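Novice: Sequence plus predicted model, see below.
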Amino acid sequence: MNERRLHELIDAYGADVTRWPPDERAAAERLLERSDAARAKLEEAATLDCLLDEVSVAPPSVDLTERVLALAPRGRKPVVRRVLAAALPLAVAASVLVWLGRTPTRIGPVPLTEFASLEELATLTDTLLDLVDLAGITDPDLSCDGSTLGCLEVGEDHELRTRATGAGRSSV
Amino acid sequence: MARVARRDAAACRALVERHLGRLVAFAQRVLGTRADAEDVAQEVFIRVWTHAGRYRPDRARLTTWLHRVALNLCLDRLGHRRDAPIDQVPELHDPAPAPASRLAAQDLGRRVQAALSRLPDRQRIAITLCHHQGFSGREAAEILGVSPQAVESLLARGRRAMRDQLRDVAADFLGARR
């Protein structure tokens, strides 16, 4: 701290030492006690401080206070938004937990007892053959001379076909 | 401010009752008119209601933050005044000098306010922040967005100009007190 800096402080902050920068205050006050020029400057600054204090401002009216408060957001945030904001993360978390905790369905071998309960397999062809009376159907004459080529006679062929159908339709 | 952000009515009222008067006083000393000062204070609180959730106490004291918002609004108005035709600029009260015997306290205050209003904007703002609002030089620097050294310079030049403008008033004032 020197005389010049002390004068700068008085010029800037006035006579009230509590307005001076805290880190310079003590040194400035010590120097002030020894400086007549600084004390004269301080007195002049004190006059200006008093004049500045004369600029008074009326306190705000009740009307202004209420006008400002009327612009404030009222009440708490809308209930629906608050509930949704709180419930959404919980719902997502619950869904994830359920998904993680579920027991997966495994596909394993079918027990043999299941097959044992099944009836004879029937195909579409079996069903169609059941609907038709084959007894009245005559096979077309293929002009096969059975005596020479070994073809079956018509009656013989029908007999064989009937036997085959009766023995096991699953083979058709 | 956290409670204000949660729309707590009691917190809003406490905030207004604590800061409205200081903000009106700051704006009135900077702008020179009561009506403009009240408009600015109201706009400050509209911003508070809207942005309370963004306030970070670790970055700035609440009162510093509020004054910075108020200052920006004041500077906007001062800028518009300079752009406005001269007949639309609000007339500031500037009474003629009077003998010391007739210097009522109210009259003295108006004359000092008139002298303050004639200062360059930043000098007036610096004096208002440090002398009237009680901010330190460092806090005023933060509000103004300049260095503490720049604030000291603004204060010194502003006070010197005030002393020159009020030389007669000061003599009368001192004479009346003796």
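Specialist: Right, received. Where do you want to start? Numbering: from 1, shown residues only, chains lettered A, B, ... in the order given.
Novice: contacts and neighbour counts: CA atoms only from here.
Specialist: Fine.
Novice: Stretch B:1-12: how far from the chain's middle?
Specialist: Distance, stretch centre to chain centre, for stretch B:1-12: 26 Å (CA atoms, centre = their mean, to the nearest Å).
Novice: For the residue nearest to B:A2 when sequence neighbours are not counted, give me its contacts.
Specialist: In space, and not counting its chain neighbours, B:A2 is closest to B:G53: 6.6 Å by CA to CA, 6 or more residues apart in numbering or on different chains. Going by CA atoms under 8 Å, 6 or more residues apart in numbering or on different chains, B:G53 touches B:1-2, B:5.
Novice: what about B:G53, distance to A:S61?
Specialist: 28 Å (CA to CA, to the nearest Å).
Novice: Report the residue ranges of every domain in the chain.
Specialist: No chain was given, so I picked chain A. A:3-53, A:120-171 (automatic domain parsing).
Novice: Actually, chain B is the one I wanted.
Specialist: Split by automatic domain parsing, chain B gives B:1-91, B:95-178.
Novice: will you turn the ones you listed into JSON lines that also has mean pLDDT?
Specialist: Shown next, in JSON lines, are those (pLDDT from 0 to 100):
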{"stretch": "domain B:1-91", "mean pLDDT": "87"}
{"stretch": "domain B:95-178", "mean pLDDT": "86"}
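Novice: Mind checking the ones you listed for the one nearest to A:K41?
Specialist: domain B:95-178 (11.9 Å; CA to CA).
Novice: what's the offset of the closest one from the middle of its chain?
Specialist: For domain B:95-178, the separation from the chain centroid amounts to 11 Å (computed by CA atoms, centre = their mean).
Novice: ok, now stretch B:57-69?
Specialist: 16 Å.
Novice: anything in that stretch near chain A?
Specialist: No. Stretch B:57-69 does not reach chain A (CA under 8 Å from any CA of the partner chain); its nearest approach is 14.6 Å.
Novice: hmm, who's touching that stretch?
Specialist: B:19, B:23, B:44, B:139, B:142-144.
Novice: Where strands are concerned, which of those count?
Specialist: Per DSSP state E, strands hold no members of the contacts of stretch B:57-69.
Novice: would you turn those residues into TSV with neighbour count?
Specialist: Listed next are the contacts of stretch B:57-69 as TSV, based on neighbours: other CA atoms under 10 Å in any protein chain shown:
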residue	neighbour count
B:H19	16
B:L23	27
B:V44	23
B:E139	19
B:E142	17
B:I143	23
B:L144	20
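Novice: Save these as JSON lines, and put in distance to chain A too.
Specialist: Shown next, in JSON lines, are the contacts of stretch B:57-69 (distance: CA to the nearest CA, whole Å):
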{"residue": "B:H19", "distance to chain A": "10"}
{"residue": "B:L23", "distance to chain A": "10"}
{"residue": "B:V44", "distance to chain A": "10"}
{"residue": "B:E139", "distance to chain A": "11"}
{"residue": "B:E142", "distance to chain A": "15"}
{"residue": "B:I143", "distance to chain A": "17"}
{"residue": "B:L144", "distance to chain A": "16"}
